[in-house]
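Chemist: My questions are about this predicted structure, shown below with the sequence.
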Amino acid sequence: MAAAMPERKLDVAGALKDAALAAFVAFGLFSLVLGLRTEQSGLTSALQLYPRPGLLFGAVATVFAGRFLIALLFRSNLLADPARFIPPQASKGIAFIGRYAGIGLLVFALIIPVIFFDNRYLLDLSILVVTYIMLGWGLNIVVGLAGLLDLGYVAFYAVGAYSYALLAQNFGFSFWICLPLAGILAAFWGVLLGFPVLRLRGDYLAIVTLAFGEIIRIVLINWQSFTGGPNGISGIPRPSFFGVPFNDGPDGFAATFGLSFTPSHRVVFLFYLILALALITNYFTIRLRRLPIGRAWEALREDEIACRSLGINTTHTKLTAFALGAMFAGFAGSFFATRQGFISPESFVFHESAMILAIVVLGGMGSQLGIAVAALVMVGGFELFREFAQYRMIVFGLAMIGIMIWRPRGLVSHREPSVHLQEKKPIPAAVVEGARQ
Amino acid sequence: MKAPVLDVQHLTMRFGGLTAVSDLSFSARRGEITAIIGPNGAGKTTVFNCVTGFYQPTEGMIRLTHPDGKEFLLERMFDFRIAHKGRVARTFQNIRLFAGMTVLENLLTAQHNTLMRASGYTFFGIVGLPVYARAERAAIDKARSWLDRVGLLARADDPAGDLPYGAQRRLEIVRAMCTDPVLLCLDEPAAGLNPREADDLNRLLISIGRETGTSILLIEHHMHVVMEISNHIVVLDYGQKISEGTPQEIRNDPKVIAAYLGVEEEAMQAAGGAG
């Protein structure tokens, strides 16, 4: 043990060299970006340059100091063994938190409307976060379990939203009839897309699904007579509490239950609705993982050729993953439509697909809890930094880079076995295959 | 003379201008171990890929006969159907386990089609009908008995990718056996094994043939393995069959010796004349 321990000596000279190099690069990068400020001024509107040496010097100095500290830590092997810094009690505590984090989060989610009843902003934000959690869990079936890289997931979200809006407007169906129909329609589109596309693998599949997502959006924009084109569909019926509307009328929710009317009732109902939908998604995924179909998905992710040699119909297996993932997106989409009351193609751009995929990847592919935490961090955290305007993109980017460096397989990267004989042991991420085909 | 389980007639496989297998005919008898040997690039794995549906042969017929007399023309079936309906299982030269899944999960995945039917194509399973729970217990018991046989029971809950090489080879064989195959195709099962592991493998293959009635088709370079366990050997060279017979006959066949060791041109012709 002692022999294997690396020597601990402060390598100041090396760290200084590192820091000088970093500072030099920083100078090169910042000299034009920060060091000079351009302004159109005066009567002639001529472009004028104002040097900002102070700012430039500050930035370079920060880089130098930061790099020096990091280099000192790494070069001196101070960080070689993180276990040395974490006392055993603390690591036991972390394990404890890990075990009960899921339950804790669920309880917290359940009481959010009670705590923040009057805080409309927070309630809306919670609804948004849970919507993304649901979308993440849905996409997880496709990407995390079956290993099919889908960049056009938002297309099914759009199909669900438009299905709900059109069915509700044209036929006057209630939310509870439209919801399953929207899910079925989205699943149908999933199969329709899947049939020609699932022969492809890896990057090719990603490109085609990306294109499919765009095609759906462009059809929505251009098919004016049916979808309302870029104007979208407005006046989508709001959800009712199993037939009791949320209004201040005599047969409204508040009057029926003898409460004083407040618009928060609907928001709280919407929150519990999406929470229930998300939990259904979660429950189904957990169950499916333990069934042969779920095992076949994971086997497909691990090795498609071996699956074929065992008599597994890989096309059907992929299609079911695609269809189920699409179905949950369809549910989420119809919820989105009823919550907003208005939908337009602008809500279903590629950025949304990328966001959902980022949640799945950051959360740790295949891990339900990781995805929930990632959605909370990505959506909630993003909102939290709203005040900082453009800087939040920087923070966001830095956080992404940090996760890719320290946790390249996501926040919760180990895999839970679906069945065990004697003892359930988590499988380390190193042996698990990621989304590849 | 036992009835053939696999009958290959005039099998030819071309890739563009390259003829990997040319007009190959042989048959494998039920309950026996048939080995295909030959120098590197002789077309052995191509034959396997044709039999197991990974390639569609250019010409020829591959007929599989089940114990109940049902016949399958494998050249007309494709892909997973050969494994599913034809019940032909195989292993791979470079091991293809589901590395991120546990040993037990690997064996349950092999029983996918049985379990899928029991779970009512997922519908019974999702509502939790006992019929699926029973089927899963049976599948686990089957996996357990196979693991016990190859000494991997203690590692049932470990990821397959963490097993040592020899254990991975054994696991791949029992995974194939969990599909209840009529014909088991093994692509170099002894590659990379040490002599003791190779002996264990011999015993396993012989006991599989004897106890389950599964016929085995084998590609192997280890002559020690081939000569000891095979009932029948087919020798390929440059995509053509150059010899066929019992291990004893093959051992003494000058053409086989020539193909393996290489001889002078005249000696080759003399051998060809003699054979």
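Modeler: Now that the structure is in, tell me what you want to look at.

Chemist: Residue 10: what secondary structure?
Modeler: Going with chain A. Recorded secondary structure, A:L10: coil (DSSP: H, G, I helix; E, B strand; the rest coil).

Chemist: not quite, I wanted chain B
Modeler: Once three-state DSSP is applied, B:H10 turns out strand.

Chemist: and it, what does it touch?
Modeler: Taking Cβ atoms under 8 Å, 6 or more residues apart in numbering or on different chains, we find B:H10 in contact with B:23-25, B:59-61. Quick note: C-beta positions are derived from backbone N, CA and C, even for glycine.

Chemist: Run through the bridge partners of B:R90.
Modeler: Note on B:R90: beta-bridge partners B:C185, judged by DSSP bridges.

Chemist: quick one, what contacts it?
Modeler: A:309, B:48, B:52, B:83, B:176, B:184-187.

Chemist: mind putting those in a markdown table, neighbour count included?
Modeler: Listed next are the contacts of B:R90 as a markdown table, based on neighbours: other Cβ atoms under 10 Å in any protein chain shown:
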| residue | neighbour count |
| --- | --- |
| A:S309 | 28 |
| B:F48 | 23 |
| B:T52 | 24 |
| B:A83 | 25 |
| B:A176 | 25 |
| B:L184 | 25 |
| B:C185 | 26 |
| B:L186 | 26 |
| B:D187 | 22 |
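
Chemist: Tell me which entries of the contacts of B:H10 lie within strands.
Modeler: B:23-25, B:59-61 (DSSP state E).

Chemist: Throw the contacts of B:R90 into JSON lines and include pLDDT, thanks.
Modeler: Output for the contacts of B:R90, formatted as JSON lines (pLDDT from 0 to 100):
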{"residue": "A:S309", "pLDDT": "90"}
{"residue": "B:F48", "pLDDT": "87"}
{"residue": "B:T52", "pLDDT": "88"}
{"residue": "B:A83", "pLDDT": "80"}
{"residue": "B:A176", "pLDDT": "92"}
{"residue": "B:L184", "pLDDT": "91"}
{"residue": "B:C185", "pLDDT": "91"}
{"residue": "B:L186", "pLDDT": "91"}
{"residue": "B:D187", "pLDDT": "90"}
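
Chemist: Please identify the buried residues of stretch A:379-395?
Modeler: By 16 or more other Cβ atoms under 10 Å in any protein chain shown, the buried positions in stretch A:379-395 come out as A:379, A:381-382, A:392.

Chemist: Next: stretch A:189-203.
Modeler: So, applying 16+ other Cβ under 10 Å, buried residues of stretch A:189-203: A:189-190, A:193-194, A:197-198.

Chemist: one step back: of the contacts of B:R90, closest to B:R210?
Modeler: Nearest to B:R210, judged by Cβ to Cβ, of the contacts of B:R90 is B:L184 at 13.2 Å.

Chemist: who's in contact with the closest one?
Modeler: B:88-90, B:173, B:176-177, B:208, B:214-217.

Chemist: now B:C50
Modeler: Contacts of B:C50 (Cβ under 8 Å, 6+ apart): B:11, B:13, B:21, B:56-57, B:62, B:74-75.

Chemist: for B:V225, same thing?
Modeler: B:189-190, B:198, B:201-202.

Chemist: Mind giving me the ChimeraX select for the contacts of B:H10, buried ones only?
Modeler: Selecting only the buried entries of those in ChimeraX, with 16+ other Cβ under 10 Å as the criterion:
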select /B:24,60
